[in-house]
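Student: Only the shape, not the letters, is given here:
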């Protein structure tokens, strides 16, 4: 039997929850913070997965350090991909939130990734 770790930290923001309330079957993009041993000891990275329902994002986030779901109504995958290349890394996020499409990593010292 698969033993699932406790749920990762959910960083989904209010505007995506609002979109979810409007249409329960909303689709969006999941951001998942996972271990990155190829980057060095105690490092992590963000894996971006398009076309996910919120419930599926939560399930996939169970074995991650954290996750964030961004509704397509808030930001389409192409815009997420483009804006993430524009630079999320290194901005401080002391309140635990980064602007979409960035991800706040508690594990890495409250910085955006």
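Tutor: Perfect, thanks for sending it. Here the structure is a predicted model, which means the values were calculated and not measured.

Student: where exactly do the helices run in this protein?
Tutor: Shown for the chain, the helices assigned by DSSP state H span residues 14-22, 54-60, 77-85.

Student: can you put these in JSON lines and add mean pLDDT and distance to residue 31?
Tutor: Placement of C-beta: from N, CA and C, glycine included. Shown next, in JSON lines, are the helices of the chain (pLDDT from 0 to 100; distance: least, C-beta to C-beta, whole Å):
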{"stretch": "helix 14-22", "mean pLDDT": "75", "distance to residue 31": "11"}
{"stretch": "helix 54-60", "mean pLDDT": "93", "distance to residue 31": "9"}
{"stretch": "helix 77-85", "mean pLDDT": "86", "distance to residue 31": "8"}
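
Student: Would you mind finding the most buried of those?
Tutor: Mean neighbours per residue, mean count of other C-beta atoms under 10 Å, is largest over the helices of the chain for helix 54-60, with a mean of 17.

Student: From the contact counts, what lies against it?
Tutor: Under the contact criterion of 3 or more C-beta pairs under 8 Å, 6 or more residues apart in numbering; DSSP states H and E, helix 54-60 touches strand 27-35, strand 44-53, strand 66-71.

Student: Residue 97: which of the helices of the chain is closest?
Tutor: Closest to residue 97 of the helices of the chain is helix 14-22 (C-beta to C-beta; 9.7 Å).

Student: which other residues reach the closest one?
Tutor: Helix 14-22 is contacted from outside by 26, 28, 54, 69, 70, 71, 72, 73, 74, 100, using C-beta atoms under 8 Å, 6 or more residues apart in numbering.

Student: Go again with 10 Å.
Tutor: 12, 26-29, 53-55, 57, 68-75, 97, 100 (C-beta atoms under 10 Å, 6 or more residues apart in numbering).

Student: Can you select the buried ones from these in PyMOL?
Tutor: In PyMOL, a selection of the buried entries from the contacts of helix 14-22 looks like this (16 or more other C-beta atoms under 10 Å):
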select buried, resi 12+26+27+28+29+53+54+57+68+69+70+71+72+73+74+75+97+100
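
Student: Right, I'll leave it there.
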